[in-house]
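Asks: Here you go, sequence then predicted model.
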Amino acid sequence: FQNPTVYVIRIDTNLHAAPRSSSPSQRNKSRGANAANHNRRGHELRLNKDTRIKKKNTKRAPRWEREGDQLYAEISKQITRDDGGEDELSAYFDALKKDPIETVDDVHRFLKPWTSDGSGDEAVGRENIARQSVKAEEEKEPANNAPTFMWGSLPVGPVLASRLYASGRSSPTDVQKGAFPIITQAKRTNAIIASPTGTGKTLAYLLPLLCTSPGGQFGEGTGGVLIVTPTIELACQIQREVNVLWPPDETKGGYSACFAVGDVDDSQTGDDDSDWTSPGRSILKSITNSPIIAGTPKMLRMLYREANYVSSNAKIDRTISSDEATTARALLTNMRAIVLDEADRLLRTEAVAREAAERKERKVAQRMVEESDDESPIKKKRLIIARETQTEMLLRDLPIPSLQDVQIICASATVGRTMRRQLMQILDAPSADAAATLITGEDDARVKSKDSERRKSVLLPEKLQHSYKVVDLDAIEDIEDEGMSVAEQNEERMTRATVKSLWDTISSLEAKPILIFPGKIGVERIQQEFIAMGLEDVRTLRNLDGASPEYPPIESTNPSPWKSIPVYIIGERFARGLDLPNVEYVAMLSPPSSAAGYTHMAGRTGRVGRRGTAFTFVRPKNNEVKRLVAIAETLGIKFNVVSSDSETDIHL
Ligand SMILES: Nc1ncnc2c1ncn2[C@@H]1O[C@H](COP(=O)(O)OP(=O)(O)OP(=O)(O)O)[C@@H](O)[C@H]1O
């Protein structure tokens, strides 16, 4: 009843009117000779003409009908407004004769008083328009070339919007909404995209770059965008994402718009010395007009070094083909953006932070010794100096005029002050803010929470649950193998106990894909154990791409082609950015050595608002328990306890 619908019911109130004749002929008869003097209901009409007209006029049409008529009359007129009227609007239109509309901006300026952001109380008139046009000139931003067709609130253009919908992404995530306007700004803006794992950071940088691509998919030019990733697997994952948005066109050679610089193809490098092609040249040869180049910093350094050589020696070195020379020149001249995906890992931020903390600790210790009378020498820990990384070397040596001319975009779930300062140094910027704009998915209520623990947990997806399980060593008997040292026997017992704990945990869970980080135990051992226990779909990095007939492609979201629920076993260093479909559980077989490590591993589940649980297996050892406490403290998370038969459970 809040929005009642009004029905107009016409009721015939003339209940005493003569009944209607059943047929038209009878009706005509009943009207008879006097019909002219009677109305249709048989009431007598007065023949006095004036009275009759008067009577008709007194029955006025309802207001809405009269206003409606007026409106219809008004809108059906030809709108020329050349009639030289004297109202304000006519004056406004008259001004057009002196200053006709010629450009898109003229149209906006002219229509401004009727657009929702034009303040309603401003007087309509030429003065007003002139003022607005001056203002517009002052504020004039270079035009944004992004096509308009909305994906949620983002103008990504009809083609990309349809492909996004078709691939099951119906609206942008918060960080995608935040990143798009900043990255597409006509004034080149560097950006750091920082938001929890699984919030769509890849699309957050990819979409604005594709939308601002000069000439689109086939007009961008080779190597317009360079994406640096810590692993080749991540580069391939980005390639798959690009293929969804910009599918390879068979009529144009069927190559992907994103070239993933992987291991060098041996078939390109001949066996004998005369056929030998350098790895850099092999990569260069394989690039076929790809506008986006993605790869690890080491491979990219090799590629760009070779491109530099080829472009400067094309005329004198006979081994250089004209195609190679063209590609090399394009690589060096087209670059407009560089993305550092998982930037803190690429810039080895952790090592720099560790070194800084260690130096600070040393200073404090030194001061304490100086202030006390204690003469005993200070025990010094070895200082591990953070070395320059491959990415830093790549950025330093890139054969382009200046990094200032290229848009730099960094993305990671774990961005801190150290990383921002590193970037500031690399770009020679006066401050971290000047180096790059920080973009976060700020709609998360946790960011504004008064509870500091809750604020800390913002690095992780909100729906991600955390659990730990204590490995029950007593469940495994002592190992007595004469071929093994005591230490090896203990290690083996630990491994068996951990595998048993893992198996017991998996057995108690709903059947859903699980990702295991095996820690020291290693990928192969867990794989062998699980296959021996009868699991069929046990995958490692090698069979993730679905190329082998035994393993269907992992993009498949339909569980029907799965032989059994997939179990992925992946080494920790490949955790970053990995996006495996439908993974509901992550198992870390020992507590990670840093909170950032935990964030990236646990974050393989609970992605894009889905549920997920991360299990950490902890042995009853001081260092492992301490690590788990430090992780819980840093990230502001509370663990659930997975019960175990042993009495050694620790409650954090
Ligand atoms: N707007 C969206 N709606 C639904 N799903 C999305 C959307 N954007 C991205 N995704 C999907 O979310 C998943 C995670 O995206 P992505 O890998 O970019 O996350 P991320 O933030 O980079 O995570 P990580 O920090 O772990 O690398 C992908 O499968 C991607 O296809």
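Replies: Done, it's in.
Asks: Sketch out the low-pLDDT regions of the stretch 401-550 of the chain for me.
Replies: Along the stretch 401-550 of the chain, the parts satisfying pLDDT under 70 run over 442-445, 447-448, 545-550.
Asks: and if you look at the stretch 101-250 of the chain?
Replies: Judged by pLDDT under 70, the stretches of the stretch 101-250 of the chain that qualify are 101, 103-104, 106-108, 110-111, 113-148.
Asks: Let me see the ranges of the strands in it.
Replies: Here the stretch 101-250 of the chain has its strands, by DSSP state E, counting those that start in this stretch, at 150-151, 154-155, 191-194, 225-228.
Asks: Of all those strands, which one is nearest L346?
Replies: Nearest to L346, of all those, is strand 225-228, at 5.9 Å by Cβ to Cβ. From N, CA and C alone the C-beta is placed, and that goes for glycine too.
Asks: can you redo the strands of the stretch 101-250 of the chain as TSV with distance to D405 and mean neighbour count?
Replies: As requested, those are exported to TSV (distance: least, Cβ to Cβ, whole Å; neighbours: other Cβ atoms under 10 Å):
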stretch	distance to D405	mean neighbour count
strand 150-151	30	18
strand 154-155	26	20
strand 191-194	16	26
strand 225-228	13	27
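Asks: Compare those strands and give me the one nearest P461.
Replies: That would be strand 191-194 among the strands of the stretch 101-250 of the chain, by Cβ to Cβ, at 14.0 Å.
Asks: For that closest one, give me every contacting residue.
Replies: Residues from elsewhere that reach strand 191-194, judged by Cβ atoms under 8 Å, 6 or more residues apart in numbering: 175, 179, 182-183, 201, 204-205, 343, 407-415, 419-420, 423, 436-440.
Asks: Not counting its neighbours along the chain, what's nearest S590?
Replies: G519 (3.9 Å; Cβ to Cβ, 6 or more residues apart in numbering).
Asks: how far away is that neighbour from the ligand?
Replies: 20 Å (Cβ to the nearest ligand atom, to the nearest Å).
Asks: and the residue of the stretch 1-150 of the chain nearest the ligand?
Replies: Closest residue of the stretch 1-150 of the chain to the ligand, Cβ to the nearest ligand atom: M150 (13.3 Å).
Asks: quick one: contacts for that residue?
Replies: 156, 161.
Asks: is it in a bridge, and if so with what?
Replies: Note on M150: beta-bridge partners by DSSP bridges are P155.
Asks: Up against the ligand, what does the stretch 451-600 of the chain have?
Replies: By Cβ under 6 Å from any ligand atom, the part of the stretch 451-600 of the chain that sits against the ligand consists of 577, 579.
Asks: residues near the residue of the stretch 401-550 of the chain found nearest the ligand, how many?
Replies: As assessed by Cβ to the nearest ligand atom, the ligand sits closest to A413 within the stretch 401-550 of the chain, at 4.2 Å. Residues lying near A413 (other Cβ atoms under 10 Å) number 24.
Asks: Skipping adjacent residues, who's closest to it in space?
Replies: For A413, ignoring the flanking residues on the chain, the nearest one in space by Cβ to Cβ, 6+ apart is T197 at 4.6 Å.
Asks: Contact partners for the one you found?
Replies: Going by Cβ under 8 Å, 6+ apart, the list of residues near T197 reads 413, 460-461, 599-600, 602-604, 606-607.
Asks: Just the ones of the contacts of strand 191-194 in helices?
Replies: The subset of the contacts of strand 191-194 located in helices under the criterion DSSP state H comprises 175, 179, 182-183, 201, 204-205, 343, 419-420, 423.
Asks: Dump those into JSON lines; add neighbour count and distance to K252 as well.
Replies: Below are these laid out as JSON lines (neighbours: other Cβ atoms under 10 Å; distance: Cβ to Cβ, whole Å):
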{"residue": "V175", "neighbour count": "25", "distance to K252": "33"}
{"residue": "A179", "neighbour count": "31", "distance to K252": "29"}
{"residue": "I182", "neighbour count": "18", "distance to K252": "32"}
{"residue": "I183", "neighbour count": "25", "distance to K252": "27"}
{"residue": "K201", "neighbour count": "27", "distance to K252": "29"}
{"residue": "A204", "neighbour count": "27", "distance to K252": "28"}
{"residue": "Y205", "neighbour count": "28", "distance to K252": "25"}
{"residue": "A343", "neighbour count": "27", "distance to K252": "33"}
{"residue": "M419", "neighbour count": "26", "distance to K252": "39"}
{"residue": "R420", "neighbour count": "22", "distance to K252": "41"}
{"residue": "L423", "neighbour count": "24", "distance to K252": "37"}
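Asks: Contacts for the helix or strand where L340 lies next, please.
Replies: Assigned by DSSP states H and E, L340 belongs to strand 337-341. By Cβ under 8 Å, 6+ apart, the residues outside strand 337-341 that reach it are 201-202, 205, 209, 224-230, 234, 238, 346-347, 391, 395, 403, 406-412, 577.
Asks: ok, now which ones touch D428?
Replies: D428 touches nothing, counting by Cβ under 8 Å, 6+ apart.
Asks: Mind telling me what element it is part of?
Replies: D428 belongs to no helix or strand, assigned by DSSP H and E.
Asks: Distance check, it against A353.
Replies: 21 Å (Cβ to Cβ, to the nearest Å).
Asks: got it, and A343?
Replies: Using Cβ to Cβ, we find A343 at a distance of 14 Å from A353.
Asks: Next up, the contacts around F574.
Replies: 231, 233, 541.
Asks: Name the spans of the stretch 251-400 of the chain whose pLDDT lies under the cut-off.
Replies: Ranges of the stretch 251-400 of the chain meeting pLDDT under 70: 263-276, 373-381.
Asks: Helices along that one, start to end?
Replies: In the stretch 251-400 of the chain, the helices defined using DSSP state H, counting those that start in this stretch lie at 279-286, 297-313, 322-334, 343-346, 349-371, 390-397.
Asks: quick one, what contacts Q404?
Replies: By Cβ under 8 Å, 6+ apart, the contact list for Q404 reads L427.
Asks: how close does the closest residue to G254 other than its chain neighbours get to the ligand?
Replies: What sits nearest to G254 in space, not counting adjacent residues and going by Cβ to Cβ, 6+ apart, is P248, at 4.8 Å. From P248 over to the ligand the distance is 19 Å, taken as Cβ to the nearest ligand atom.
Asks: got the contact list for the residue nearest the centre of the chain?
Replies: In the chain, the residue lying closest to the centroid (Cα atoms, centre = their mean) is G200, at 2.8 Å. Contact partners of G200, counting by Cβ under 8 Å, 6+ apart, are 169, 172-173, 175-176, 608.
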